[in-house]
Structure formats: C-alpha cells, structure tokens
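# need coordinates for the following:
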Amino acid sequence: RAGPAAPELKHRSSVGPSKPVSQPRRNIVGCRIQHGWREGNGPVTQWKGTVLDQVPVNPSLYLIKYDGFDCVYGLELNKDERVSALEVLPDRVATSRISDAHLADTMIGKAVEHMFETEDGSKDEWRGMVLARAPVMNTWFYITYEKDPVLYMYQLLDDYKEGDLLCIITTLFVCSFIDEHLDCFHLLVIMNVVSINICIQV
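Below you'll find the predicted structure:
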C-alpha cells in the first residue's frame, strides 16, 4: 500500500456570508453520499464517500471519508458552492466487530511508526500519532503524521497484526510531536476528535 495521499479538493481563499437555513435538514451522519465538485472553471468531478461526523461548534460542517482516499475532509456540504447534486445514497455503512477491543483502546494516544510499501516494493516509514477511533466506520482509526499533519484514516489493527505498525513508547517524542503540530491539534480538539490530555496517556 502506498503512503498517505490526499485528494485534490482545494481550500477556498475567501468565504462568503452564510445563508440562513430555513428548515432543519436531515441528519446524514452515518450515511453514504455522492456529489459533484467543481474547482473554479475546471470540470465537475464525482465524489462518493461516508459522512463520519457533524462538527459540534459548526453544525453545517461535516467530516467525510471519500472512497479511494485515506484522508478525512471537512466540508459544509449544504453551503459550499463547489458542491453540486448532493445525494444521500440508500446503502448504509456495515457495522464491523472489533477483533481486539483492548488493543484498540490501548492504541489511542500512542506515537507509532507506520510502514507503507513503495512502488519498488521497499518499505517507507511514517512516524505519527493515533488520535482516536473513527465514528461510523468503527474498525478505522484517526491518525496524523510528522511528514503530513493532516487527518488520515486507516484500519490500524490489521497493520499492527501484520507488523506494519509499531508503537513508540516515549512521552518525549509524543510531546514534541504535539508541539510541532500545535495548530493541527488545536483544530482536532475543537472538533472533539482528540482529547487535550493525549500526552499523558502514553
């Protein structure tokens, strides 16, 4: 498997005024969705994914895991003018049973070395931190990396059992990691993705 790669959804340089919502919208957390996406004058591309969560401090903002991509995106699905033809699909996300609940709980807050296979078959090491279990897709974990402080999702229990994920038991590394990526962690705390006492859980 290749290393983390984010889809090319670009950030807006400016945000216009929000439009008032005239009536409550359907709760789409846990739903499969698809929509078009157009950046500037470019072509419309089609995206399909799973709505993981609704951000408490900004209910119009949803966390989405798109099919075929490893990172998590936050989008105002009902406000962003780049989103078109939003459709809630009838298929629901299948609930899977965690094979080792104790290991899953122990992994949270740990600094790790995550191995990815490169095109030539060699292994590429990514250092990062396991932040939390992902909602909805309950066998997946949120993780972020030194090389790329973006929110990613992987089925880390499988990687751990295959020897591609190693825990680094060092509080110094974890505290240094948080300090270097403080802006990212502030955002994740606001989104209730990671607790502020993560450093002392190692």
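# any idea how far the residue most central in space within the chain lies from L131?
Nearest to the mean C-alpha position of the chain, by Cα atoms, centre = their mean, lies V72 at 3.1 Å. As judged by Cβ to Cβ, to the nearest Å, V72 and L131 stand 10 Å apart. Every C-beta, even on glycine, is put in place using the N, C-alpha and C of the backbone.
# list the residues that contact both of these two?
Listed as contacting both V72 and L131 by Cβ atoms under 8 Å, 6 or more residues apart in numbering are Y142, L151.
# still on that earlier bit, shouldn't the residue nearest to the centre of the chain be in contact with M153?
Yes - counting by Cβ atoms under 8 Å, M153 is a contact partner of V72 at 5.8 Å.
# which ones are touching the residue nearest to the centre of the chain?
L52, L63, I64, K65, A134, Y142, L151, Y152, M153.
# that's a helix at the fourth one, yeah?
No - going by DSSP: H, G, I helix; E, B strand; the rest coil, the assignment for K65 is strand, not a helix.
# that one reaches Y142, doesn't it?
No - when contacts are counted by Cβ under 8 Å, K65 is not listed as touching Y142 (10.1 Å).
# remind me which residues of the chain are low pLDDT?
Across the chain, the ranges flagged by pLDDT under 70 are 1-25, 169-202.
# strands of that one, start to end?
31-37, 45-54, 62-66, 72-75, 83-92, 111-117, 123-133, 141-145, 152-154, 165-168 (DSSP state E).
# which positions in the second one come out as buried?
Spelled out, it's strand 45-54. The neighbour-count check on strand 45-54 (16 or more other Cβ atoms under 10 Å) flags W47, G49, T50, V51, L52, D53, Q54 as buried.
# pretty sure the last one is touching G74, no?
This means Q54. No - Q54 is not in contact with G74 according to Cβ under 8 Å; the separation is 10.3 Å.
# mutual contacts of those two, please.
With Cβ under 8 Å, 6+ apart as the test, Q54 and G74 both reach L61, Y62, L63.
# how close does the residue nearest to the centre of the chain sit to H102?
25 Å.
# and what of L156?
Distance from L156 to H102, by Cβ to Cβ: 14 Å.
# pretty sure V136 sits against S96.
No - counting by Cβ under 8 Å, V136 stays clear of S96, with 10.9 Å between them.
# which one of those two is surrounded by more residues?
Neighbour count, other Cβ atoms under 10 Å: between V136 and S96, V136 has more, with 17 against 11.
# tell me the contacts of the more buried one?
V136 makes contacts with V29, G30, T50, V51, L52, D53, V93, as judged by Cβ under 8 Å, 6+ apart.
# let's see it at 10 Å
When contacts are counted by Cβ atoms under 10 Å, 6 or more residues apart in numbering, V136 touches V29, G30, C31, T50, V51, L52, D53, L63, K65, R92, V93, T95.
# also T139?
T139 makes contacts with T95, S96, R97, I98, S99, A104, R133, Q155, L156, L157, D158, as judged by Cβ under 10 Å, 6+ apart.
# ramachandran angles for it?
Dihedral angles of T139 (phi, psi; degrees, to the nearest 10) stand at phi -100, psi 10.
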